[in-house]
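Undergrad: Give me a 3D structure for the following:
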Amino acid sequence: MREVNYRNNDYYSNDSFNNEVLGLIAIYYVLKHAHKMSSAKVMLILPLAFHNNIVRYINDSRTDVKSIDQLIIKKPEFFSNFNERFYSMLEISANSTLILAAMNLISIQEDGMIVLKDSDENLLLESTKKKDIGIRAFNIVKASKGIGELLNQRKENLYLQLRVEI
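TA: Alright, predicted model coming up:
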């Protein structure tokens, strides 16, 4: 059994580069497109959204990514350490989800489904312009639809394809 030291890698959850504020922006905007998602799938959002190469690739107008399987085949280097990223960002993913629930922007249902409470009065951000939220958050928001589409599969297949060790 391989032991991974998550505290000594580039993806440690207390890294100020990857934090709950960016996490709740990523989760919220992916849910804006998907409307509801299982909590297991929500935990996969940040390892995708916090990977700059994945976000850049999804945002590239020349690319058309239809599934996670297709992206893994085209860009296997993006997923070589996905399991480590998943576990290092698990705390931020959970915290960000709970913050969104506390802000009454999502609801966490008893069956584990996370549902966006979408209304004009319940917006996370008043503006998603680059000058207002910063380049990284802007790029994550821009890629959120694509990330949601990547997660539009059965959760069992996603965890298998992404090689998340449970």
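Undergrad: How about exporting whichever strand or helix holds residue 131 as CSV, limited to the C-alpha atoms?
TA: If you go by DSSP states H and E, residue 131 is part of helix 130-133. Taking Å, rounded to 0.1, in the frame of the first residue of the first chain, the C-alpha atoms of helix 130-133 are listed here in CSV:
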residue,chain,number,x,y,z
LYS,A,130,-12.0,39.9,-14.5
LYS,A,131,-11.3,43.3,-12.9
ASP,A,132,-13.7,42.5,-10.0
ILE,A,133,-12.8,38.9,-9.1
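Undergrad: Next, the buried residues of it.
TA: Buried residues in helix 130-133, counting neighbours by 16 or more other C-beta atoms under 10 Å, are found at residue 133. (Glycine included, C-beta is placed from N, CA and C.)
Undergrad: what's the helix or strand following it packed up against?
TA: Next along the chain after helix 130-133, taking DSSP H and E as the criterion, comes helix 135-150. Contact partners of helix 135-150 among helices and strands, from 3 or more C-beta pairs under 8 Å, 6 or more residues apart in numbering; DSSP states H and E: helix 20-34, helix 45-49, helix 52-59.
Undergrad: So which of these is nearest residue 139?
TA: Comparing the helices and strands packed on helix 135-150 by their distance to residue 139 (C-beta to C-beta), the top pick is helix 52-59, with 5.1 Å.
Undergrad: Return the closest one as CSV; C-alpha atoms alone will do.
TA: These are the backbone C-alpha positions of helix 52-59, laid out as CSV (Å, rounded to 0.1, in the frame of the first residue of the first chain):
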residue,chain,number,x,y,z
ASN,A,52,-4.6,25.7,-14.1
ASN,A,53,-3.7,23.6,-17.2
ILE,A,54,-7.2,21.9,-17.1
VAL,A,55,-8.9,25.3,-16.8
ARG,A,56,-6.8,26.8,-19.6
TYR,A,57,-7.5,23.8,-21.8
ILE,A,58,-11.3,23.9,-21.2
ASN,A,59,-11.3,27.7,-21.8
